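Chemist: Please find the sequence and the predicted model below.
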Amino acid sequence: MAITLPQKGVLQIGRSDKADIRINDSLASRDHCRLHVEDGRVEIEDLASANGTFLRNRALQPRVRVELALGDAVGIGVTVLMLRSGGPLPRPVRVLPHGYFLARLDEECASSVRDRSPFALVRLDVEDDVSASRYAGLLPSILQPSDIVGAYGPQQYELLLLRTTPEVAATLVAELGASLRQAGIAFRTGTAHHPRDGRSAAELLERACQGVRPATAHPGPALDVILVDPAMRELHSLAREVARSDINVLIVGETGTGKEILAEVVHRASPRAQGNFLSLNCAALSENLVEAELFGYEKGAFTGATQAKQGLLETAPGGTVFLDEIGELPLPLQAKLLRVIETRTLIRVGGVAKRAVDVRFVSATNRNLAQAIESSGFRSDLYFRLNGLTLAIPPLRERPVEIEPFGRRFAGEMARELGRSTPEISADALALLCSYAWPGNIRELRNVIHRAVLLCRSGPVITSEHLPRELMEATFSAPQPSPTVPYGHTPFSDLSSTQRGSVLEPEEKRRILDVLEKTAGNQTAAARLLGMGRTAFVARLNQYGISRPRKR
């Protein structure tokens, strides 16, 4: 809708029926703001509105008039008003404040799991001296009416491309990049795809932000972990103790708690530390291609296989394979993985020769595998293979003492990337951080602090104004508790010091002895109860030095 401004006058904007420009937006106040038009100048004044008036992604001070330039976009709730000189209007683009955009991203993550519809999150940063009017008209060309644009920070945007596959998203981002380059605008982009790159808002945002960070940014998780909370110090101590044996480890915890970092702690403290640490995200593995990717293939195995290729599991001999989000692995792939773990061998696609696999498996999940097993969504026999011992990571809300040191570290990370000194965190901002539930845990805290550093570029202190108040002041229902350990198995972190000494005698060996006793030494029946093949069962007897019962 286009509204012609008078040569001179004052126009009231808001939800009131008496407003000169009426906005049907629940986030707008009845008397939200007003425009002052005189002598070719247009100024806007916020009238102490409840949710604020935003210009160039900054909230206006109440009762202070600010001049508008052609092309400026004014944000009122989810409504955007743009000042133009006339001519055809581009399709309007909704520019949401970051907090509202993130809430919308959370909703889309939940609905996409139900509908199995992919989408893409794009981060777009442009150079500081580019006016909004130069690139505001470039976005509508790649957007559908349902797509959403948010303001991540100054000259920084986030695009939610709904129902978009990775291939289509790559084409759209390439088209946008070509338009920006043609306009002489310097930019950086980063893209994350659901569910390939993550299933939560925090995961997707972190992946998309990696694309716009300088190439010198530190890749991957840092292992100089912060251990202030006593429970976390104990957990990492236990992890290093477990690492001395070769038993498989299952790490459980909510998304964003640092399961991969703990897995790498196990690897580096183990006798396999000199081997490779191979990290695989099971949620991102394609069922059609995973067998060829994991196990490799021989020349001529399928169309396009012009030469043999080594599988990923063959690239980590003597090392550790980390299976992240193991609960998302499709059932057909679970069976293939189980066969590799049981036999310690694999056969390449199109091949016949068995190849030895000498790796230790460390798995992680944020799902309740007990429920998944009961609903036939996860194999119990695979669970027993992977869950030699369990390490449970507590969520960040249960260790608030670590919020401040993590916050300061993340502020330093972003400041170094920007070539600036590290800003302090004010007392009011710290209080706000510590009162938040952090459903996305450490990953969400990192995203919030990195964005706060971008917003406080005019000062040396992060204040509450630089934090997404829409999220911080929201009331969250308590997140689901950390995944429980099914079948009554006790997490290793809950064992007594005497019980921890039994690391050298794996839980699997005790289970085998118990089942043999129940079956009166019948090996075939025992193997069936454990969900194992008889050959693999006999191999386990030999491995653990268990005498094979003799026929009477």
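Modeler: Cool, the structure landed.

Chemist: And the helix or strand hosting residue 238, what's buried?
Modeler: If you go by DSSP states H and E, residue 238 is part of helix 230-242. Applying a neighbour-count criterion of 16 or more other C-beta atoms under 10 Å, one finds 232, 235, 236, 238, 239, 242 buried in helix 230-242. To be clear about C-beta, it is placed using only N, CA and C from the backbone, and glycine gets the same treatment.

Chemist: tell me the contacts of the third one?
Modeler: This points to residue 236. Residue 236 makes contact with 225, 227, 262, 265, according to C-beta atoms under 8 Å, 6 or more residues apart in numbering.

Chemist: Next up, the contacts around the last one.
Modeler: With C-beta under 8 Å, 6+ apart as the criterion, the residues that contact residue 265 are 223, 225, 236, 239, 240, 243.

Chemist: and residue 460, what pLDDT?
Modeler: For residue 460, the model assigns a pLDDT of 88.

Chemist: May I see the buried residues of helix 230-242 organised as a markdown table, with distance to residue 334 added?
Modeler: Rendered in a markdown table, the data for these read as follows (distance: C-beta to C-beta, whole Å):
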| residue | distance to residue 334 |
| --- | --- |
| 232 | 31 |
| 235 | 27 |
| 236 | 29 |
| 238 | 27 |
| 239 | 25 |
| 242 | 24 |
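
Chemist: if I read this right, residue 400 contacts residue 434, doesn't it?
Modeler: Yes - counting by C-beta atoms under 8 Å, a contact exists between residue 400 and residue 434, whose distance comes to 5.3 Å.

Chemist: What's the first helix or strand after the helix or strand bottoming out on mean pLDDT in the chain?
Modeler: Ranked by mean pLDDT, DSSP states H and E, the weakest helix or strand in the chain is helix 497-500, scoring a mean of 40. Of the helices and strands lying after helix 497-500 in sequence (DSSP H and E), the nearest is helix 507-518.

Chemist: Show me what that following helix is packed up against.
Modeler: Contacting helix 507-518 under the criterion 3 or more C-beta pairs under 8 Å, 6 or more residues apart in numbering; DSSP states H and E are the following elements: helix 523-529, helix 534-543.

Chemist: Centre of the chain to that helix, how far?
Modeler: On the basis of C-alpha atoms, centre = their mean, to the nearest Å, helix 507-518 sits 39 Å off its chain's mean C-alpha point.

Chemist: just stretch 401-411 next, same as before
Modeler: Here the centre of mass of C-alpha atoms in stretch 401-411, compared against the chain's by C-alpha atoms, centre = their mean, lies 19 Å away.

Chemist: pLDDT (mean, whole number) over stretch 148-161?
Modeler: Predicted confidence along stretch 148-161 averages 85 (mean pLDDT).

Chemist: how about it as PDB, C-alpha atoms only?
Modeler: Listed next in PDB are the C-alpha coordinates belonging to stretch 148-161 (Å, rounded to 0.1, in the frame of the first residue of the first chain):
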ATOM      1  CA  ILE A 148      11.300 -13.700   6.300                       C
ATOM      2  CA  VAL A 149      14.100 -11.200   6.700                       C
ATOM      3  CA  GLY A 150      15.600 -10.200  10.100                       C
ATOM      4  CA  ALA A 151      18.100  -7.600  11.300                       C
ATOM      5  CA  TYR A 152      21.000  -9.500  12.900                       C
ATOM      6  CA  GLY A 153      23.000  -6.300  13.500                       C
ATOM      7  CA  PRO A 154      24.100  -3.100  11.900                       C
ATOM      8  CA  GLN A 155      24.400  -3.800   8.100                       C
ATOM      9  CA  GLN A 156      23.800  -7.500   8.900                       C
ATOM     10  CA  TYR A 157      20.800  -9.500   7.900                       C
ATOM     11  CA  GLU A 158      19.300 -13.000   8.200                       C
ATOM     12  CA  LEU A 159      17.100 -14.500   5.700                       C
ATOM     13  CA  LEU A 160      14.700 -17.500   6.300                       C
ATOM     14  CA  LEU A 161      14.000 -19.200   3.000                       C
END
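
Chemist: distance of residue 521 from residue 527?
Modeler: For residue 521, the distance to residue 527 under the criterion C-beta to C-beta, to the nearest Å works out to 12 Å.

Chemist: Looking at these two now, which is surrounded by more residues?
Modeler: For residue 521 versus residue 527, neighbours defined as other C-beta atoms under 10 Å are more numerous around residue 527 (22 against 15).

Chemist: And that one, what's its pLDDT?
Modeler: Among the per-residue scores, residue 527 holds a pLDDT of 70.

Chemist: I'd say it and residue 541 touch.
Modeler: No - contact between residue 527 and residue 541 fails when scored by C-beta under 8 Å: they sit 9.9 Å apart.

Chemist: Counting neighbours, which bits of the helix or strand containing residue 411 end up buried?
Modeler: Taking DSSP H and E as the definition, one finds residue 411 inside helix 403-418. Using 16+ other C-beta under 10 Å as the burial criterion, the residues of helix 403-418 that qualify are 403, 406, 407, 408, 409, 410, 411, 413, 414, 415.

Chemist: quick one: contacts for the third one?
Modeler: Listed by C-beta under 8 Å, 6+ apart, the contact partners of residue 407 are 425, 430, 433, 445, 449.

Chemist: Scan the residues you listed and report the most crowded one.
Modeler: Note: the member of these with the most neighbours is residue 449, at 26 neighbours, neighbours being other C-beta under 10 Å.

Chemist: give me the low-pLDDT residue ranges for the stretch 1-150 of the chain?
Modeler: Along the stretch 1-150 of the chain, segments meeting pLDDT under 70 span 1, 56-57, 86-94, 128-138, 140-141.
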